[in-house]
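Asker: Need a 3D model of the following:
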Amino acid sequence: MDMSQDSEETKIRLQEQSKKLTELGSILAKNQFTYKIEEKISKEYWQKRIKDLTKYNEISLTYYSQVQKMMNLINIEEAQMFLLQTSKFHQLGTELIKLMHQIEENPSIISSKDKQQSQWSKKIKENILEISSKCLENEKNMNLNFRKFYDKEIKTILE
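Answerer: Residues are numbered from 1 along each chain as shown. Down below sits the predicted model:
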């Protein structure tokens, strides 16, 4: 197989994967998930948040593994770095869900009006705010890295 045939094949695969990525991206955009932590003390609110985050993480992981597949066609090393970020995304999301479950069990711990908070409650509240912002930060970095990679490596091939 010659070089032009090889690059044509890469272009076709990139186009296919780009299409999948666009579909997943629009699903994520409709989802409108936010990492903002609100001081809601209803169990139902936290159950819904857990459900929303779980769904968001599932679709996002599919999206980011699609990104990684695309990157892998062009630069295996950068794709591996992205895979590490995806693992971190998964790990942080799992941690956030665990914390949300703890709040769901005892929703009053999230309220700043509760002056009788135990160390345990304060710790969970600190942790959920910290993990939530780490999730957001990590995801911003992932999107930024992919955007740079796309502009540098993929855009020219797809044109």
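Asker: what pLDDT does the residue nearest to residue 117 when sequence neighbours are not counted get?
Answerer: The shortest distance from residue 117 to any non-neighbouring residue, by Cβ to Cβ, 6 or more residues apart in numbering, is to residue 109 (6.8 Å). Where C-beta positions appear, they are placed from N, C-alpha and C, glycine not excepted. Note on residue 109: pLDDT of 83.
Asker: tally of neighbours for residue 109?
Answerer: Neighbour count for residue 109, taken as other Cβ atoms under 10 Å: 20.
Asker: Give me the pLDDT for residue 135.
Answerer: Note for residue 135: predicted pLDDT of 96.
Asker: do the same with residue 115
Answerer: 67.
Asker: What segments of this protein are helices?
Answerer: 3-31, 43-72, 76-105, 119-149, 155-158 (DSSP state H).
Asker: would you turn the ones you listed into JSON lines with mean neighbour count and distance to residue 37?
Answerer: Shown next, in JSON lines, are these (neighbours: other Cβ atoms under 10 Å; distance: least, Cβ to Cβ, whole Å):
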{"stretch": "helix 3-31", "mean neighbour count": "13", "distance to residue 37": "18"}
{"stretch": "helix 43-72", "mean neighbour count": "17", "distance to residue 37": "9"}
{"stretch": "helix 76-105", "mean neighbour count": "16", "distance to residue 37": "9"}
{"stretch": "helix 119-149", "mean neighbour count": "15", "distance to residue 37": "5"}
{"stretch": "helix 155-158", "mean neighbour count": "10", "distance to residue 37": "36"}
